[in-house]
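**Q** Need coordinates for the following:
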Amino acid sequence: MFDKVLNIKGTLMSLSTPVVMGILNVTPDSFYADSRKQTEAAIEERIQAILSEGAQIIDIGGYSSRPDAAEVSPEEEMERLAFALKILNAHYPEAIVSVDTFRAGVARRCVEEYGAAIINDISGGELDPGMFATVAELKVPYIMMHMRGTPQTMQQHTDYADMMEEIMLYFAAKVRELHLLGVSDVILDPGFGFSKTVSQNYQLMGHLKEFEAFGLPLLVGISRKSMIYKFLGGTPADSLNGTTVLNTYALLNGADILRVHDVKAAVEAVKLVSKTVNCQLSIVNS
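**A** Coordinates of the predicted model:
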């Protein structure tokens, strides 16, 4: 079994041990209120926390994709992202930055003008037909998520005949299209919380191992989402324990990247799971 790697600006990042991606929201309306950072001081403090707690990637978003979020113009999204990217470049120029956008024009500017290394597209190219060609030209890793509709309408589109079959066929077609365009670094995100009911999210979690068939890195993003707090009762603010439990399950079932608000907890989960799995392997091989 070969190790999965990502080409980050000519340097290979190994995923033999899963990595953690810390969320930096520069929006006023992200679903988890404590994650919203809009002032220079708040953004710099958040970047410092993400890096010091052990995340290898910072994921910056300027457009809230929560259900019923307000529409944001490309100009406003870019303005928010540029503000944070300038702070990053000034104080943490070596940081590996992913930009969470479904707009090809925004993606291009973030990579060409501000040095972003990864594009994270919640729509898998569905909301901007120019995204695949743009990513191919930019030669950056591309995170492709499964979603139906838009952030505003996605929860109206949960009527699957066979959800897992649809998701697998969705990725198969899009991975082929990307590979034909020359995009070699593709990361799959099954899209927890996007056009899926609470029960469907758990069905998806139970089928994570099936994504190994693609041989591609798998990103899991369930941090403090409604699949946790609606099921357990509560709010995003009291969903850290539930997040850690599901992140641990995801790691045991093939997750290579955890996208999280709480970096320290996720890094500890990676260390503990990796230690346990390595001890199991040493026993089997002894």
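**Q** any idea of the mean pLDDT for the longest helix along the chain?
**A** Identified as the longest helix of the chain according to DSSP state H is helix 263-285. For helix 263-285, mean pLDDT is 92.
**Q** what do you get for stretch 99-113?
**A** Confidence for stretch 99-113, expressed as mean pLDDT, is 98.
**Q** Just the CA coordinates for the longest helix of the chain, please, in CSV.
**A** The C-alpha coordinates for helix 263-285 follow below in CSV (Å, rounded to 0.1, in the frame of the first residue of the first chain):
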residue,chain,number,x,y,z
VAL,A,263,-6.9,21.9,16.7
LYS,A,264,-5.4,20.6,19.9
ALA,A,265,-8.1,18.0,20.5
ALA,A,266,-7.8,16.8,16.9
VAL,A,267,-4.0,16.6,17.0
GLU,A,268,-4.3,14.5,20.2
ALA,A,269,-6.8,12.2,18.5
VAL,A,270,-4.4,11.7,15.6
LYS,A,271,-1.5,10.9,18.0
LEU,A,272,-3.5,8.5,20.1
VAL,A,273,-5.1,6.6,17.2
SER,A,274,-1.8,6.4,15.3
LYS,A,275,0.0,5.1,18.4
THR,A,276,-2.7,2.4,18.9
VAL,A,277,-2.7,1.4,15.3
ASN,A,278,1.1,1.2,15.2
CYS,A,279,1.1,-1.0,18.3
GLN,A,280,-1.4,-3.3,16.7
LEU,A,281,0.7,-3.6,13.6
SER,A,282,3.8,-4.4,15.6
ILE,A,283,2.0,-7.2,17.4
VAL,A,284,0.7,-8.6,14.2
ASN,A,285,4.2,-8.4,12.5
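**Q** and that helix, what does it pack onto?
**A** If you count contacts as 3 or more CB pairs under 8 Å, 6 or more residues apart in numbering; DSSP states H and E, helix 263-285 packs onto strand 19-25, helix 240-252, strand 257-260. Every C-beta, even on glycine, is put in place using the N, C-alpha and C of the backbone.
**Q** Is it possible to get JSON lines of the ones you listed that adds mean neighbour count and mean pLDDT?
**A** Shown next, in JSON lines, are the helices and strands packed on helix 263-285 (neighbours: other CB atoms under 10 Å; pLDDT from 0 to 100):
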{"stretch": "strand 19-25", "mean neighbour count": "26", "mean pLDDT": "96"}
{"stretch": "helix 240-252", "mean neighbour count": "19", "mean pLDDT": "98"}
{"stretch": "strand 257-260", "mean neighbour count": "27", "mean pLDDT": "98"}
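**Q** export these to JSON lines and tack on distance to residue 50?
**A** Formatted as JSON lines, the helices and strands packed on helix 263-285 follow (distance: least, CB to CB, whole Å):
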{"stretch": "strand 19-25", "distance to residue 50": "3"}
{"stretch": "helix 240-252", "distance to residue 50": "16"}
{"stretch": "strand 257-260", "distance to residue 50": "10"}
